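Enquirer: just the structure for this:
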Amino acid sequence: MTIRAVVWDVDDTLFDYTTADREGMRAHLLAEGLLQVYGDAERALLRWREITETQWARFSAGEVDFVTQRRDRTRVFLGRELTDDEADAWFRRYLARYEAAWSLFPDVLPVLDALAAGYRHAVLSNSSITVQEHKLRALGLLDRFESVLCAAELGVSKPAAGAFLAACEALGLPPHEVAYVGDHPEIDGRGAAEAGLLSVWIDRGTAWARSAGEAVAHRIPTLAELPALLRADTRFGAPSTFG
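Expert: Numbers count the residues shown, from 1 in each chain. Okay, here's the model as predicted:
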């Protein structure tokens, strides 16, 4: 089968989310005089991520709008009542420090350049258009993608097959002509494979990668290996590259 397009995850695939999240929160806590309240930055970051997941689930389910979930994340994290203006101001200060730490992984631009002429490109993320288009624009990548699809607007999230099939439909291609590249072996890797795409897991060494069990995706430790994999497209009957 010939691969004609690549659909990309964003966070911890193209964009170094883990580092930006950690460094941005540490800088914010220090500036706000809150580091001692949480003991250390890692503990605070874990709490922030737990709250973010809970509030994002409310937003994805349509229970609250995008701005409200941000305000509620702030209120729960700080453990006190805030006016909307106070919550917005606190979050803007956090966001500025988080965005100051944004960066691409070093293998991203070389592989996008290498694949530019031979493949079409799109994004599929379990986030929102508001977040990811801003991020991709700030990182200088937005114009490289034909479309950016996100779970909040689609109404379906990875690993559900519907999310991956929506990306294929946006490209006007059948799943077997599309590759999906993501950093999570289950949400991205297994989800894409079960939807019929060529599934590629970029192993960035995250916590879930280190604890991953059997995977059905082709595992690569660097995006530099992606062009050869796409040309080969050995999804059927080939030894797994996992492990």
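
Enquirer: after the host helix or strand of Arg49, next one along is what?
Expert: Here Arg49, judged by DSSP states H and E, is contained in helix 41-60. Following helix 41-60 in sequence order, the next helix or strand is helix 66-78 (DSSP H and E).

Enquirer: the helix or strand Trp201 falls within: how far from the chain's middle?
Expert: According to DSSP H and E, Trp201 maps onto strand 198-202. The chain centroid and the centroid of strand 198-202 are separated by 14 Å, computed with CA atoms, centre = their mean, to the nearest Å.

Enquirer: what strands line up against it, and which way round?
Expert: strand 178-182 (parallel), strand 218-220 (parallel) (DSSP bridges).

Enquirer: do you have the strands of the protein handy? List them.
Expert: Under the criterion DSSP state E, the chain contains strands at 5-8, 120-125, 147-150, 178-182, 198-202, 218-220.

Enquirer: let me know which of those strands is the nearest to Trp102.
Expert: When those are compared by CB to CB, strand 120-125 sits nearest Trp102, at 15.2 Å. (Glycine included, C-beta is placed from N, CA and C.)

Enquirer: and the closest one with strand 178-182, angle?
Expert: Angle of strand 120-125 versus strand 178-182, following axes from the mean of the first three to the mean of the last three CA atoms, to 10 degrees, is 40 degrees.

Enquirer: report all helices and strands that strand 120-125 contacts.
Expert: Under the contact definition 3 or more CB pairs under 8 Å, 6 or more residues apart in numbering; DSSP states H and E, strand 120-125 sits against strand 5-8, helix 129-138, strand 147-150, helix 161-171.

Enquirer: ok, and what's touching it?
Expert: With contact meaning CB atoms under 8 Å, 6 or more residues apart in numbering, strand 120-125 is reached by 4-11, 112, 115, 132, 136, 144-151, 158, 163-164, 166-167, 170-171, 173, 180.

Enquirer: list buried residues within those residues.
Expert: With burial judged by 16 or more other CB atoms under 10 Å, the buried subset of these is 4-11, 112, 115, 132, 136, 144-145, 148-151, 158, 163-164, 166-167, 170-171, 173, 180.

Enquirer: which secondary structure element of the chain has the lowest mean pLDDT?
Expert: When the helices and strands of the chain are scored by mean pLDDT, DSSP states H and E, helix 207-210 comes last with a mean of 56.

Enquirer: could you list the low-confidence segments of this protein?
Expert: Confidence mapping of the chain against pLDDT under 70 gives the ranges 1, 206-215, 233-243.

Enquirer: can you list the domain ranges for this protein.
Expert: For the chain, the structural domains run 5-16+103-232, 17-100, going by automatic domain parsing.

Enquirer: ranking the ones you listed by burial, who's on top?
Expert: Scoring these by mean neighbour count under mean count of other CB atoms under 10 Å gives domain 5-16+103-232 as the most buried, with a mean of 19.

Enquirer: next one: it to chain centre, how far?
Expert: A distance of 8 Å separates the centroid of the chain from that of domain 5-16+103-232, by CA atoms, centre = their mean.

Enquirer: and that domain, end to end?
Expert: Taking CA to CA, to the nearest Å as the measure, domain 5-16+103-232 stretches 14 Å from start to finish.

Enquirer: returning to what we had before: list the helices and strands the helix holding Arg49 packs on?
Expert: Using 3+ CB pairs under 8 Å, 6+ apart: helix 41-60 touches helix 17-32, helix 35-38, helix 66-78, helix 151-154.

Enquirer: and the angle from that helix to helix 66-78?
Expert: Note on geometry: by the same axes, to 10 degrees, helix 41-60 and helix 66-78 are set 150 degrees apart in direction.

Enquirer: run the chain-centre distance for helix 41-60.
Expert: 15 Å.
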